[in-house]
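Visitor: Coordinates only, no sequence provided:
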Ligand code: PBG
């Protein structure tokens, strides 16, 4: 037998060798933990389809943020669940709204953690769409830009460290950038959900946020899953409009998109390991069919290997504990 000189197994022999030649290293610094702020008091309600994830009223959210910080996770992403929904999602633009209240409370009580806010209307509108509906039942793009910019500004005034628009209206990064700059927030970064697909993987999130559309779906504003080149155009637009970090969402079924965005742009790339990606691992583990912890770490590492600098994930606390072992 005439083997070639190079034998890959030489460097796989034991964990010390494997550690030394490992190409991708997941770090707690890569993680962002999403949290749901609910209006009211004394709320700590587990989301049935997302074990370990809770709707939290503000005082409980503050406790949770402290725990997240103690695990060394650098940032949280906040979603708001208002007491009342209406056609315009007014709570999202109110200085006294749920997310603004939550931001103020966390910034007051928990120094040393970044607070990122999700800017969107689907959690706040009674119809469950991500903006203002026009007569034909579709979302009115330009009317929505206006309220998105107003909403982002209330987040900034409440003390948010970064805003993250997830609505997928055309032109929203520019509209938000202009509003922030005009109000003294030119130093506040925008992480845009740049390539966000109309995905079945968001199902459990919509249970968590109560944001399932009452009629229709989000396919007229979120991207069509078969499209990859279009993602590059979406990202290019957001970069032009002033995005500081660009996000691909979901992550797991879109690793190719993460990889292509990484290659084509030099801004930091974030990937959202979404609710459905979390739930399938939890469900499989609960059934005893898979090793949930091992698969979670493999998934997070794969997202990083594909090119993501940052990962938004409901597994952040679990992963941080494992990384600290
Ligand atoms: C919209 C928004 C969604 C998610 C984050 N922001 C849901 C949607 O577009 O329907 C999904 C996150 C997840 O599934 O974990 N505000």
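Guide: Yep, it's here. Just so you know, these numbers come straight off a predicted model, no measurement behind them.
Visitor: Which phi and psi values does the closest residue to residue 89 other than its chain neighbours adopt?
Guide: Counting by Cβ to Cβ, 6 or more residues apart in numbering, residue 89 lies nearest to residue 124, which is 3.2 Å off, once chain neighbours are set aside. Heads up, the C-betas are built off the backbone N, CA and C, glycines and all. Torsion angles at residue 124 (phi, psi; degrees, to the nearest 10) stand at phi -110, psi -20.
Visitor: Lowest mean pLDDT among the helices and strands of this structure, which one is it?
Guide: Ranking every helix and strand in the chain by mean pLDDT, DSSP states H and E puts helix 203-209 at the bottom, with a mean of 93.
Visitor: separation between the residue nearest to residue 89 and residue 117?
Guide: Applying Cβ to Cβ, to the nearest Å, the value for residue 124 to residue 117 is 13 Å.
Visitor: circling back to that earlier point, so what does the least confident helix or strand of the chain touch, helix or strand wise?
Guide: Where contact means 3 or more Cβ pairs under 8 Å, 6 or more residues apart in numbering; DSSP states H and E, helix 203-209 is packed against strand 44-47, strand 50-57, strand 75-81, helix 275-286.
Visitor: Name the next helix or strand following it along the chain.
Guide: Downstream of helix 203-209, the first helix or strand assigned by DSSP states H and E is helix 229-241.
Visitor: buried sites along that next one?
Guide: By 16 or more other Cβ atoms under 10 Å, the buried positions in helix 229-241 come out as 231-232, 234-235, 237-239, 241.
Visitor: ok, now stretch 26-39?
Guide: Using 16+ other Cβ under 10 Å as the burial criterion, the residues of stretch 26-39 that qualify are 26, 28, 30-39.
Visitor: and residue 147, how far is that from the ligand?
Guide: 14 Å (Cβ to the nearest ligand atom, to the nearest Å).
Visitor: Same question for residue 119.
Guide: Separation of residue 119 from the ligand (Cβ to the nearest ligand atom): 8 Å.
Visitor: That residue - nearest residue in space that isn't next to it in sequence?
Guide: With sequence-adjacent residues excluded and distances taken as Cβ to Cβ, 6+ apart, residue 119 is closest to residue 165, at 4.3 Å.
Visitor: So which residues on the stretch 1-150 of the chain come close to the ligand?
Guide: By the rule Cβ under 6 Å from any ligand atom, the part of the stretch 1-150 of the chain lying against the ligand is 118, 120, 122.
Visitor: what would these look like in TSV with secondary structure, neighbour count and pLDDT?
Guide: Putting those into TSV (DSSP: H, G, I helix; E, B strand; the rest coil; neighbours: other Cβ atoms under 10 Å; pLDDT from 0 to 100) gives the following:
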residue	secondary structure	neighbour count	pLDDT
118	strand	24	98
120	coil	28	97
122	coil	27	96
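Visitor: Just the pLDDT for residue 269.
Guide: If you check residue 269, the pLDDT there is 98.
Visitor: pLDDT weak spots in the stretch 1-150 of the chain?
Guide: The model of the stretch 1-150 of the chain has pLDDT under 70 over residues 1, 3.
Visitor: Nearest to the ligand: which residue in it?
Guide: residue 120 (3.3 Å; Cβ to the nearest ligand atom).
Visitor: quick one: residue 315 and residue 323, what's the gap?
Guide: The gap separating residue 315 from residue 323 is 11 Å, by Cβ to Cβ.
Visitor: Between the two, which has more neighbouring residues?
Guide: Neighbour totals were compared for residue 315 and residue 323, and residue 315 leads with 24 against 18 (other Cβ atoms under 10 Å).
Visitor: that older thread, is any part of the least confident helix or strand of the chain close to the ligand?
Guide: Yes: using Cβ under 6 Å from any ligand atom, helix 203-209 reaches the ligand at 205-206.
Visitor: what's the distance between that helix and the middle of its chain?
Guide: Put simply, helix 203-209 sits 13 Å off its chain's centre (Cα atoms, centre = their mean, to the nearest Å).
Visitor: re the thing from before, am I right that the residue of the stretch 1-150 of the chain closest to the ligand is in contact with residue 169?
Guide: No: with contacts counted by Cβ atoms under 8 Å, residue 120 stays clear of residue 169, the gap being 9.6 Å.
Visitor: which residues does the closest residue to residue 88 other than its chain neighbours contact?
Guide: Excluding the flanking residues, the one nearest residue 88 by Cβ to Cβ, 6+ apart is residue 132, at 6.2 Å. Residues near residue 132 by Cβ atoms under 8 Å, 6 or more residues apart in numbering: 87-88, 121, 139-140, 143-144, 147.
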